[in-house]
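Enquirer: Provide a 3D model corresponding to the input given below.
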Amino acid sequence: MNYNNMDKETLIKIIKEKDEVIESLNKKIDEILHYANVDEVTKVLNRRSGLNVLNTKLEFCRINNESLTLCFIDIDNFKKINDSFGHGEGDKVLQEVSKIFKECIRNTDSVLRMGGDEFIIGFENINKKVPAKYGIEFAVEYMRFTVRKTQSIR
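Expert: Predicted coordinates for the structure are as follows:
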């Protein structure tokens with residue numbers, strides 16, 4: 001396109017149109033990145049992006065002489081839930097578990113779904129006076145309470 005012979009108003013109009021196209025493309029990029037990095041069912045990091053985040057945090061902690069505590073979580077008897085109630089109900093359980101994990105961690109910690117019913121939580125620089133296990137024990141007890149409460153309603 002030859003801009004040399006255009007008047008100021010035409011140039012401004014073209015620039016505004018291009019800005020709108022760029023803004024639209026940036027929104028699409030953000031959307032694509034979200035779908036590429038977040039597990040659709042649980043809304044936590046997926047395996048690929050979660051492991052990348054943990055590797056980055058591990059390198060940061062190594063350089064800064066800080067700790068990174070990893071908690072591997074597998075939901076017991078999850079296959080029975082899917083087999084007995086269907087995958088839709090199994091997805092609801094995964095969503096509730098993920099929600100509880102996210103509520104029980106700090107902004108600096110990470111939750112990722114490895115696949116199926118397996119999760120990893122990365123706790124960055126845990127204070128030695130308050131071990132990470134207490135946060136997880138709280139989350140597990142909260143889930144047991146929630147499951148009991150839900151079962152009693154049905």
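
Enquirer: in stretch 49-60, what's buried?
Expert: The neighbour-count check on stretch 49-60 (16 or more other Cβ atoms under 10 Å) flags Ser49, Gly50, Leu54, Lys57 as buried. C-beta: built from backbone N, CA, C; applies to glycine.

Enquirer: figure out how far it is from the centre of its chain.
Expert: 13 Å (Cα atoms, centre = their mean, to the nearest Å).

Enquirer: centre-most residue in the protein?
Expert: Val44 (2.3 Å; Cα atoms, centre = their mean).

Enquirer: contacting residues around that residue?
Expert: Val44 makes contact with Val38, Gly50, Ser98, Phe101, Lys102, Val111, Leu112, Arg113, Phe119, according to Cβ atoms under 8 Å, 6 or more residues apart in numbering.

Enquirer: looking at those residues, which are in helices?
Expert: Residues of the contacts of Val44 located in helices (DSSP state H): Gly50, Ser98, Phe101, Lys102.

Enquirer: now render those residues as JSON lines, adding pLDDT.
Expert: Shown next, in JSON lines, are the ones in helices among the contacts of Val44 (pLDDT from 0 to 100):
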{"residue": "Gly50", "pLDDT": "96"}
{"residue": "Ser98", "pLDDT": "94"}
{"residue": "Phe101", "pLDDT": "90"}
{"residue": "Lys102", "pLDDT": "91"}
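
Enquirer: out of these, which comes closest to Gly90?
Expert: Proximity of the ones in helices among the contacts of Val44 to Gly90 (Cβ to Cβ) peaks at Ser98, which lies at 12.6 Å.

Enquirer: what's the local residue count around the closest one?
Expert: Residues contacting Ser98 under the criterion other Cβ atoms under 10 Å number 19.
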